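Chemist: Got a predicted structure plus its sequence, pasted below:
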Amino acid sequence: MDPVLEHLEALGVEYEVVDCDPALADTAAFCEAYGYSPDDSANAILVVGKSEERPMACCLVLASTRLDVNGAVRKRLGTRKASFAGADETIERSGGMQIGGVTPFGLPTDLGVWVDAAVGQRERVIVGGGSRDRKILVPPSSLLAIEGAELVEGLAKVVPPPEPES
């Protein structure tokens, strides 16, 4: 068994594995191809503080919002600057997960899991599945069952609608 499914089973939470084409793993493409709303899709993003210690956390935000890296995330990491983890650092620190497949399930236990409050208000959300060929559909309570997971108010900002063209 793989670490993601093993963790889900150990938590004893409700979940459904959703297969997907790896070429469609990025959120916008996945939602369009498989009929999921960005409001029901939660991106799992590894963020890192730009300091010698390189503190890292996994943040979950709805695809219809934008992670507040320079505000809420930076403050929670306790660093002057923060950014998205790069592809190589994501693979290394997540235990082998690629961008587009990152999930909070099966992560090393030293990574914090921060769930934006808006995610907690959804009935169900679809998150990465640990690889680019699957996603995991869960109620938000499954995310909060992860040891150390925290519901965080204001972790993400609403994305303003595009300006109409004149």
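Modeler: Nice, I can see it.
Chemist: Using the three-state scheme, assign the residue nearest the centre of the chain.
Modeler: In the chain, the C-alpha nearest the mean C-alpha coordinate belongs to residue 44, at 1.1 Å (Cα atoms, centre = their mean). Following DSSP: H, G, I helix; E, B strand; the rest coil, we place residue 44 in the strand state.
Chemist: For it, give me the pLDDT.
Modeler: pLDDT for residue 44: 95.
Chemist: Identify each of the helices in this structure and give its residue range.
Modeler: 3-11, 27-34, 74-77, 87-94, 117-120, 140-144 (DSSP state H).
Chemist: circling back to that earlier point, quick check: beta-bridge partners of the residue nearest to the centre of the chain?
Modeler: residue 60 (DSSP bridges).
Chemist: Quick one: residues contacting it.
Modeler: Shown in contact with residue 44 (Cβ atoms under 8 Å, 6 or more residues apart in numbering): 58, 59, 60, 102, 103, 104, 127, 128. (Glycine included, C-beta is placed from N, CA and C.)
Chemist: Alright, calling it a day.
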